[in-house]
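Student: How does the following fold in three dimensions:
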Amino acid sequence: MRILPFLAFFFSTFLLFAQSTKIPTLISYELVKTYTKEALQQRWKEQGVPQAVAPVRYSIDVYEIVYRTKWHDGSTIKASGLYFVPTDSTKVEAMPMVCYHHGTQIKKDRTVRLGGEQAICVGFAADGYLVARPDYIGLGKGDKKHLYHHVPTQSGASMDLLRAIKELNPRIKVSQNNLLFATGYSQGGHATMGFHKTVQEQYSEEFKITASAPMSGAYDLAGVQEETMFKEYSHPGYLPYLFFSFQEVYGFYNNISDILVAPYDTILPPLYKGQHSMGYINRLLPSIPKDVLRPEVVEQYLANDDFPFKKALKENSVHDWKPEQPMLLCYCQADEQVSYKNALVAYDKMKENGSDLVRIKQVNKHLGHRDCAMFAVMHAKMFFDSFRKGSKKGTAGPLGKRFLIGIGKSSLAKKAKKRRKRRAKVLAAQKAAKQSNNKKTVQKEDSKNKG
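Tutor: Reported below is the predicted structural model:
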């Protein structure tokens, strides 16, 4: 009879020991930047950003965090990220957390600056949000290589950064409340939706997502987004990025020359090692992405649903599920990089699956991918703000603020339309000149042959 108390003591001691010897997620942290409230207010004023739209209520400390996460094979590696913390509160205030997922980046290095998507993180933090910004695996100060649009490692990097921050908060005297939001733009939109889906399906006991706002993401990789492979596309470098990333995980070819035509089988691999920009790579590629592939590979892709690369795209598509927490999908119809149909397909599929918590917002008809971002973020933030004010399903935000944002969108959309017209004229002239040169070359060759 005395064996039972002994066993109970043994197991309770073992559990306490296991908990005390658990390897922490956090490896190191460093305060790398401070933005004062006054400096931010001045910056917003110089850029014409109304305080009514983007309030600056706090100064911000920016921490760089190095932490442990998992590689695709389950081994432990290092990853990094940034943590934006509102400061100078007049009282100890528990603040909500936003996990912000950034867009496509291929260069490994990441600086800390008040620009680009980091400015978005600063905008959230200046209004009282804690903001976690994972670099993703393979970028920043992390190990290995980045696995582009690979859902498990993207989601794992986000969750492990949040775990590391939970360890860090008591050390820097920061208190987090129970509101957890997730958002991101472009690749970050895909990463956000994958994060929300992964948490709901596998980690709901640990993380309680309040709401998410995926923005302009390629959710349906094997569906509407694959259309970009077969027509002229502004960013042909995305396709090899997917190939090299998925090859690392799934290993579906033995020799790159079995997939890519010459000379791309030799010139492309070195370009995806984190030292070059996507703009540089795009300039070296044909304007139709599939033209870097061997013709027989394209034929197999189109004919066989079990073709390994197509299966990888399907496995990492994130549009077909049923969100159980509120979600706002933002997109712009004139987006030239990510088909707006991704948002429509995801919304329709989620409604079909029975979700009544998904909203969709066309930010603007005329804004392209880059210009759409800032306004999509404004709608996402108003959506999140409504939960801070007690909403259960989220609202579109105050009418006055939406009116001011609408004025800004209209002004930028007019400029965008003029830019597109000028660009179209330049391209038409270049095409005409090329055709004229080709015609002269043919006539010259005919003349030689007749002579």
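Student: what residue lies at the spatial centre of this protein?
Tutor: The chain has Gly188 as the residue nearest its centroid, 1.1 Å off, counting by CA atoms, centre = their mean.
Student: isn't that residue right next to Ala218, touching?
Tutor: No. Contact criterion CB atoms under 8 Å: Gly188 and Ala218 do not qualify, at 10.8 Å. In short, each C-beta sits where N, CA and C put it, glycine included.
Student: Tally up the residues packed near the closest residue in space to the residue nearest to the centre of the chain that isn't next to it in sequence, please.
Tutor: Leaving aside its sequence neighbours, Gly188 sits nearest to His101 (CB to CB, 6 or more residues apart in numbering; 3.5 Å). Other residues within reach of His101, judged by other CB atoms under 10 Å, total 30.
Student: Make residue 1 into 20 and carry on from there
Tutor: Okay, residue one is now 20; in that scheme the one you just asked about reads as His120.
Student: From His338, how far off is His120?
Tutor: 16 Å (CB to CB, to the nearest Å).
Student: All the strands of the chain, residue numbers only.
Tutor: Using DSSP state E, the strands found in the chain span residues 45-54, 78-89, 95-106, 114-120, 149-153, 195-204, 230-234, 346-351, 377-383.
Student: Deepest in the core, which of those is it.
Tutor: Burial of the strands of the chain is given as mean neighbour count (mean count of other CB atoms under 10 Å); strand 230-234 ranks first at a mean of 29.
Student: Name every strand pairing with it and say which way it goes.
Tutor: The strands beside strand 230-234 in its sheet (DSSP bridges) come out as strand 195-204 (parallel), strand 346-351 (parallel).
Student: The residue nearest to Gly207 and Phe200 touch, don't they?
Tutor: No. Look at His120 against Phe200 with CB under 8 Å: they stay out of range, at 11.5 Å.
Student: And the pLDDT for Lys164?
Tutor: Reported pLDDT at Lys164 in the predicted model: 96.
Student: now do Phe36
Tutor: At Phe36, pLDDT is 39.
Student: do the same with Ser466
Tutor: Per-residue pLDDT puts Ser466 at 62.
Student: Ile379 contacts Asp367, correct?
Tutor: No. Contact criterion CB under 8 Å: Ile379 and Asp367 do not qualify, at 9.2 Å.
Student: Now do the helices in the stretch 170-319 of the chain.
Tutor: Using DSSP state H, counting those that start in this stretch, the helices of the stretch 170-319 of the chain run over 170-187, 206-221, 257-269, 283-286, 297-302, 314-322.
Student: deepest of the ones you listed, which one?
Tutor: helix 206-221 (a mean of 25).
Student: Tell me which other helices or strands it touches.
Tutor: Helices and strands touching helix 206-221, as assessed by 3 or more CB pairs under 8 Å, 6 or more residues apart in numbering; DSSP states H and E, comprise strand 114-120, helix 170-187, strand 195-204, strand 230-234.
Student: Just the endpoints, please. Distance across stretch 335-346?
Tutor: Using CA to CA, to the nearest Å, the end-to-end distance of stretch 335-346 comes out at 19 Å.
Student: Now that stretch: buried residues?
Tutor: Asn335, Ser336, Val337, His338, Asp339, Trp340, Lys341, Pro342, Gln344, Pro345, Met346 (16 or more other CB atoms under 10 Å).
Student: Quick one: residues contacting the fourth one.
Tutor: Taking CB atoms under 8 Å, 6 or more residues apart in numbering as the criterion, His338 is in contact with Met212, Tyr238, Asp239, Gly242, Asn361, Val364, Ala365, Lys368, Met369.
Student: what pLDDT does Gln352 get?
Tutor: 95.
Student: How about Arg438?
Tutor: pLDDT, Arg438: 68.
Student: try the one 4 residues further on
Tutor: Confidence at Arg442, expressed as pLDDT, is 61.
Student: Where does pLDDT dip in the stretch 20-169 of the chain?
Tutor: Applying pLDDT under 70 to the stretch 20-169 of the chain flags the ranges 20-41, 108-111.
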